[in-house]
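Novice: Generate a structure from the sequence data that follows.
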Amino acid sequence: MSYEKLAREIVQGVGGENNVVSLVHCATRLRFVLKDNGKADKAKLEKTVGVITVKESGGQFQVVIGNTVPEVYSAISKVSSILNDSSKAEEKPKGGKFGFGSIVDVISSIFAPLLGVMAGAGILKGLLLIASNFKWLEPTDTTYIILFAAADSLFYFLPVLLAVTTARKFGGNVFTAVTIAGALLYPSVIALKSAEGGVSFFGIPVVMMSYSSTVIPIILSVIVMSKLEKLCNRFIHESVKNFITPLISLVIMLPLTLIVFGPFGVYVGNGIAEGLLAVFSFSPLLAGAILGAGWQVLVIFGVHWGLVPVFINNVAVYGKDSIKPPATASVFAQTGAAFGVMLKTKNKKLRTLAGSTTLSALFGITEPAVYGVTLPLKRPFIAGIIGGGVGGAIIGQAGTQAFASGAPGLLTLPIFYGPGGQGFPGLILGIVTAFVVSAALTYILGFKDPVDEEEGAASTEPKAKREQGQTSEKSSVTALSPISGTVVPLEEVPDPAFASEAMGKGIAIEPDSGRVVAPFDGTVTVAFKKKHALAVVSDEGAEILVHVGIDTVKLDGEFFTSYIQEGERVKAGQLLLEFDIEKIRAAGYHTVTPVIVTNTLDYVDVLPLQNGQIREQDKLLHIIGDGSKNES
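Specialist: Okay, here's the model as predicted:
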C-alpha cells in the first residue's frame, strides 16, 4: 500500500486540508476536527482501500485505519500542511459549541500522542514489579533503579509532556508551557510543601500540592496560558512580543497555577477517583460487569477518552487503578467473537479477515475486528458484549488492579501484576472467560454468513442469465477520448498515485481546450464537489475516471464549471465539464489529465489506442474483457 496515496485520498475525503482544524491519531484512528463535516465525503472514504470505517463522534471525524495509522499520519504530514500549520489551532469548527463532544476532542488530542510510549513504559514497569515480587531483582539493585527510571520517568514528568500536547492543541507557545510545567516540578518548589509557617505569594496563601504525575492542573494552566498569549500578542508590538509575551505568561501563570489551578485540579481528580472507588466498594462484581460489557461500546463512539485521565490520576494518587482491569475483558471478548467468526464462516475471505483481526485484537488493537468483522455481522458483537460482561464481573470481584498505564492486550498484562500477585489470577480467569464465552456464543448464535448469499446468487444466476442471453463475464469496451490535446504516457504524470497505476491503467492527455465530454454511453458515478474530476461507468461496467490536472482539488472548484450530477445518464460526446486551462496553469498547477480505468482488475487488460495529437471522441482506450463480446 502507498501510504502517501492513501493520505491524499483521506485529505481529499475530509474536504481538503483547508477544512481541517486539527488532526491527531490514537492506536488505530485518525481523529480530525473539521470546520464543516458536511464537506467530508464519508461514503467515499469508507470505500477507500486502507480505510476500515469512518465514525463521527465526540466532536471528531474519525477515520479508522488500523495498525498502520502512524504511517498514514506521517504520510499526511508529507502530502499536506495540516500538521505544520499552527494557525489551525485557533480555528473553530462550524457551529461548534462547548459541550461533551468538545471535552472528548480536547482529551483525545492531548493524550493520544502519548499512548504509545505510555504503553511501553507501563509494560516495563509491570515487568519490574513481577521481577521484584519473584525476587529476581531487588529495588536496591542498580539495574532495577536504572530500568525503573526508564519506566517511571514518563509518569513522574507527565505534566511536562501534557504541557507540550496541550499547547499544540490550543496554539500556545510549547516552550513557555514546558517551562511552567517544569517549575511545578522544580526541587525548591517541591520543597515548599514541607515549609514551616506556610507558603504565600505577595501575601496570598498558597496551598502546596504534589504535581508529579498529575493531569488536570497543567492542562488547565496551559489552556489559560494559550488564551493569555493571544491577548498579549494582540497589544504588544511585533519588535518585543517574542520575549515580552513569554515573560508575562511566566510571571502570571505559575503563581496562578499554584494558587488556583493546582489545588482545584488535584482536588477534582481525587474526588472523581474516590467516587469511582466507592462504586467498586458497593459492588465490584456489578461495576466490573458494566465496564466489561460497555467499554467497547464507549470505544465505538469515541467517548472512552473521558475515562483516560481517571486511569492516570488513580495510578498517580493511589498507585493503582481498579477501572482499567474490567475494561480489559471487553477487548478479549471482541477478540473471542472474531475468533468465533473465523471458526464458523465458510467464506474464505471472511475467514482470512477474522483470523488476521483476531491476532491484532489480542494485542489490544480491536478496531479492525470490531468494524471489519463483529459489528457488521451484529450477533458476534452482541456475543462480545455478553462475554465482556461475564469476564468483567469476574475481574471486578477478584479486585484486580492496574499499577501502570497501557492499552489492554497480551503484552500489557504485566501492568496488572502487583505486590504478591493479588488479583492477577482473577484477571487471567476473566479474560479467558470473556474470550471463550464470546467465541462460543458467536458459534452457537451464528450470523448471516456472506457465503450463503453467494451460493443463493450462484443457484439462480445461470437461468436468469440464459434467459437474457448474457454471461457473467465482462465484455470489452472502447472508450473515446473525453478531451482533445496531446497523449502522454501515464508513467510521465507528475503524481505517483497515477504514474504507478495504483489508481488503475489508462493514459493521460495534456489538454489544448477546456472541455471534458463523456467517453461512452453510461452513468455518472462520481461528480466531485471540487469539480476537478468525475467518473462515468459504461453500460458494460467499465468505469473511467477523468482527473483534470494534478492537485487541482486545492483550487476548491475555482476555474471549473460542471454540467452533471451523480447518477445522471450521459451519452458519448455529451459535455460534462469545462475548465480554464490558462488560469489553472497561472495558479501553478499542472493541467495534464489522467484518464483511468478505475476497475482495471475486472478486465484482462487496458490498451492505449493513440499517440501524439488526439481529438474529442477519437478512440482512446481498448478495455479488454473476458466475455464473448470482444468487438472493438
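
Novice: Can you give me the pLDDT of the residue located most distally from the centre of the chain?
Specialist: In terms of distance from the mean C-alpha position of the chain, G197 ranks first, at 51.4 Å (Cα atoms, centre = their mean). G197 is assigned a pLDDT of 73 by the prediction.

Novice: helix/strand/coil for it?
Specialist: Under the three-state scheme (DSSP: H, G, I helix; E, B strand; the rest coil), G197 adopts coil.

Novice: and if you look at V222?
Specialist: Applying three-state DSSP: V222 is helix.

Novice: if I read this right, it contacts N173, doesn't it?
Specialist: No: judged on Cβ atoms under 8 Å, V222 makes no contact with N173 at a distance of 9.7 Å. (C-beta placed from N, C-alpha, C; glycine too.)

Novice: Neighbour count for those two, which is higher?
Specialist: Applying other Cβ atoms under 10 Å to V222 and N173 shows that V222 carries more neighbours, namely 32 against 18.

Novice: Not counting residues beside it along the chain, what's closest to the more buried one?
Specialist: T166 (4.1 Å; Cβ to Cβ, 6 or more residues apart in numbering).

Novice: Just say helix, strand or coil for the one you found.
Specialist: helix.

Novice: Report all helices and strands that the helix or strand hosting I244 contacts.
Specialist: Using DSSP states H and E, I244 maps to helix 241-256. Under the contact definition 3 or more Cβ pairs under 8 Å, 6 or more residues apart in numbering; DSSP states H and E, helix 241-256 sits against helix 174-184, helix 216-235.

Novice: can I get those helices in a markdown table with distance to I323 and mean pLDDT?
Specialist: Output for those, formatted as a markdown table (distance: least, Cβ to Cβ, whole Å; pLDDT from 0 to 100):
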| stretch | distance to I323 | mean pLDDT |
| --- | --- | --- |
| helix 174-184 | 26 | 94 |
| helix 216-235 | 17 | 91 |
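
Novice: Now do the same contact list for the residue nearest to G506 when sequence neighbours are not counted.
Specialist: Nearest residue to G506 in three dimensions, chain neighbours excluded: I596, at 4.0 Å (Cβ to Cβ, 6+ apart). Residues near I596 by Cβ atoms under 8 Å, 6 or more residues apart in numbering: 490, 498, 503-506, 544-545, 547.

Novice: Which strand residues bridge I596?
Specialist: Beta-bridge partners for I596, by DSSP bridges, are G506, L545.

Novice: For it, give me the pLDDT.
Specialist: pLDDT, read off for I596, is 92.

Novice: Can you tell me how far it is from D495?
Specialist: From I596 across to D495, the span is 11 Å (Cβ to Cβ, to the nearest Å).

Novice: Check F520 too.
Specialist: 25 Å.

Novice: In terms of packing, which of those two has more residues around it?
Specialist: Per other Cβ under 10 Å, whichever of F520 and D495 has more neighbours is F520, with 21 against 18.

Novice: which SS state does the more buried one fall under?
Specialist: Going by three-state DSSP: F520 is coil.

Novice: Find the residues that touch each one of V222 and N173.
Specialist: In contact with both V222 and N173: A167, using Cβ under 8 Å, 6+ apart.

Novice: In a markdown table, list the contacts of I596 along with neighbour count and pLDDT.
Specialist: Below are the contacts of I596 laid out as a markdown table (neighbours: other Cβ atoms under 10 Å; pLDDT from 0 to 100):
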| residue | neighbour count | pLDDT |
| --- | --- | --- |
| L490 | 21 | 86 |
| F498 | 25 | 78 |
| M503 | 20 | 76 |
| G504 | 20 | 81 |
| K505 | 18 | 89 |
| G506 | 25 | 91 |
| I544 | 28 | 92 |
| L545 | 21 | 91 |
| H547 | 24 | 91 |
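
Novice: Distance check, A440 against A333.
Specialist: From A440 to A333 the distance is 11 Å (Cβ to Cβ).

Novice: Wait, V160 touches T179, no?
Specialist: No: assessed by Cβ under 8 Å, V160 is found out of contact with T179, at 9.5 Å.

Novice: Verify the contact between N599 and E540 for me.
Specialist: No: using Cβ under 8 Å, N599 is not in contact with E540; the gap is 11.1 Å.

Novice: picking up where we left off before, and A440 and A333? Which one has more around it.
Specialist: Legend: neighbour count by other Cβ under 10 Å for A440 and A333, higher for A333 (38 against 15).

Novice: In the helix or strand harbouring that one, which residues are buried?
Specialist: Assigned by DSSP H and E, A333 belongs to helix 324-344. By neighbour count with 16 or more other Cβ atoms under 10 Å, helix 324-344 contains the buried residues 324-342, 344.

Novice: residues making contact with the helix or strand following that helix?
Specialist: Later in the chain than helix 324-344, the nearest helix or strand by DSSP H and E is helix 348-362. Applying Cβ under 8 Å, 6+ apart, the external contacts of helix 348-362 come out as 66-67, 331-332, 334-335, 338-339, 341-342, 345, 368-369, 372-373, 409-410, 449-451.

Novice: Need the pLDDT of A43.
Specialist: 85.

Novice: what about it, how many neighbours?
Specialist: Counted with other Cβ under 10 Å, A43 comes out at 9.

Novice: likewise L247?
Specialist: Neighbours of L247 (other Cβ under 10 Å): 12.

Novice: thought P608 was touching D618?
Specialist: No: in this structure, P608 is not within contact of D618 by Cβ under 8 Å, at 11.6 Å.

Novice: Compare these two (neighbour count), which wins?
Specialist: P608 (17 against 13).

Novice: now that one: how far from A191?
Specialist: From P608 to A191 the distance is 78 Å (Cβ to Cβ).

Novice: And E9, by the same measure?
Specialist: 55 Å.

Novice: can you check V72 too?
Specialist: Counting by Cβ to Cβ, the gap from V72 to A191 is 47 Å.

Novice: Phi and psi next, for the closest residue to E501 other than its chain neighbours.
Specialist: Nearest residue to E501, sequence neighbours excluded (Cβ to Cβ, 6+ apart): L490, at 6.5 Å. When read as degrees, to the nearest 10, the backbone of L490 gives phi -60, psi -30.

Novice: Please give me every residue in contact with L490.
Specialist: 498-499, 501, 505-508, 594, 596.

Novice: close enough to count as contact, L128 and L137?
Specialist: Yes: counting by Cβ under 8 Å, L137 is a contact partner of L128 at 7.1 Å.

Novice: ok so, going back, show me which of the contacts of I596 is closest to P425.
Specialist: Relative to P425, the closest of these is M503; by Cβ to Cβ it sits at 53.9 Å.

Novice: Pretty sure that closest one sits in a helix.
Specialist: No: with three-state DSSP as the criterion, M503 is coil rather than part of a helix.

Novice: Contact partners for P284?
Specialist: 322, 396-397, 399.

Novice: how near is it to G389?
Specialist: 14 Å.

Novice: V341 now?
Specialist: 19 Å.

Novice: now the strands: where do they sit in the stretch 401-550 of the chain?
Specialist: 477-480, 485-488, 505-511, 515-517, 522-527, 533-538, 543-547 (DSSP state E, counting those that start in this stretch).

Novice: K42 is nearest to which of these?
Specialist: Here strand 522-527 is closest among these (Cβ to Cβ), at 14.2 Å.

Novice: Cool, thanks, talk later.
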